[in-house]
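In: Pasting the sequence and the predicted coordinates here, then a few questions.
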Amino acid sequence: MRRSRFIRWSAFCLWAALLSPVATGQAHAEDASADDAAQTSLAYSPPEWPQAPDTVAMLRRLGMGTASVLAFSAAALWAAKRWLKGAAGTPGSGGHLQVLETMPVGHRCSVVLVSVGQQRFLAGLDPTGLKSLVLIPEPFALTLDRTQATDVGEDAVQPKAAA
């Protein structure tokens, strides 16, 4: 279907290109006879200088073009930021997985602190992807309190609020 449409279109263009000189040939012949009469005199007359461009209009057009390009760029950056922000998990979004902090450590490498429920993980990333994932153990004081609570017979100890 596309090939036949292409063939028809190219045939039409070829036909129009071949017939346009034929249709306008008479008009060119009349113009040629008027040009021949003007060219019989050998006197040279230099062409007139063109008018100088309007500098105010040129500067206005340049300023408006620059402003429109900058406005379009700012709008594209704003839209990309909003689109990318919605793609990543944000803290407080209601999901179980949260990116708590990201720290760049080198050229295109970073360390990411991730929280999954009550557990925290440290992820090492580089340009090729995830390199390591380490479970961060709970603080020693909390583990000691739980151990002492099970020795005494208590079922659970609530973690102390950080001061």
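Out: Here it is on my side, so go on.
In: Could I get the buried residue list for stretch 107-123?
Out: For stretch 107-123, the neighbour count (16 or more other Cβ atoms under 10 Å) marks 111-112, 114-115, 120, 123 as buried. Just so you know, the C-beta spots here come from the backbone N, C-alpha and C atoms, and that holds for glycine as well.
In: export it as PDB, just CAs?
Out: Taking C-alpha atoms only, stretch 107-123 is exported to PDB below (Å, rounded to 0.1, in the frame of the first residue of the first chain):
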ATOM      1  CA  HIS A 107      32.300   9.700  38.800                       C
ATOM      2  CA  ARG A 108      28.700   8.400  38.200                       C
ATOM      3  CA  CYS A 109      28.800   6.200  41.400                       C
ATOM      4  CA  SER A 110      26.700   6.600  44.400                       C
ATOM      5  CA  VAL A 111      25.600   5.000  47.700                       C
ATOM      6  CA  VAL A 112      21.900   4.800  48.400                       C
ATOM      7  CA  LEU A 113      20.300   4.200  51.800                       C
ATOM      8  CA  VAL A 114      17.000   2.300  51.400                       C
ATOM      9  CA  SER A 115      14.300   1.400  53.900                       C
ATOM     10  CA  VAL A 116      12.100  -1.600  53.500                       C
ATOM     11  CA  GLY A 117       9.600  -1.800  56.300                       C
ATOM     12  CA  GLN A 118      11.700  -1.800  59.500                       C
ATOM     13  CA  GLN A 119      15.000  -2.900  57.800                       C
ATOM     14  CA  ARG A 120      17.600  -0.700  56.200                       C
ATOM     15  CA  PHE A 121      19.900  -1.500  53.300                       C
ATOM     16  CA  LEU A 122      22.900   0.200  51.800                       C
ATOM     17  CA  ALA A 123      23.100  -0.100  48.000                       C
END
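In: which residues touch that stretch?
Out: 96-105, 124-127, 130, 132-136 (Cβ atoms under 8 Å, 6 or more residues apart in numbering).
In: can I get the buried residues of stretch 107-123 in TSV with secondary structure and pLDDT?
Out: Shown next, in TSV, are the buried residues of stretch 107-123 (DSSP: H, G, I helix; E, B strand; the rest coil; pLDDT from 0 to 100):
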residue	secondary structure	pLDDT
V111	strand	94
V112	strand	93
V114	strand	91
S115	strand	89
R120	strand	88
A123	strand	93
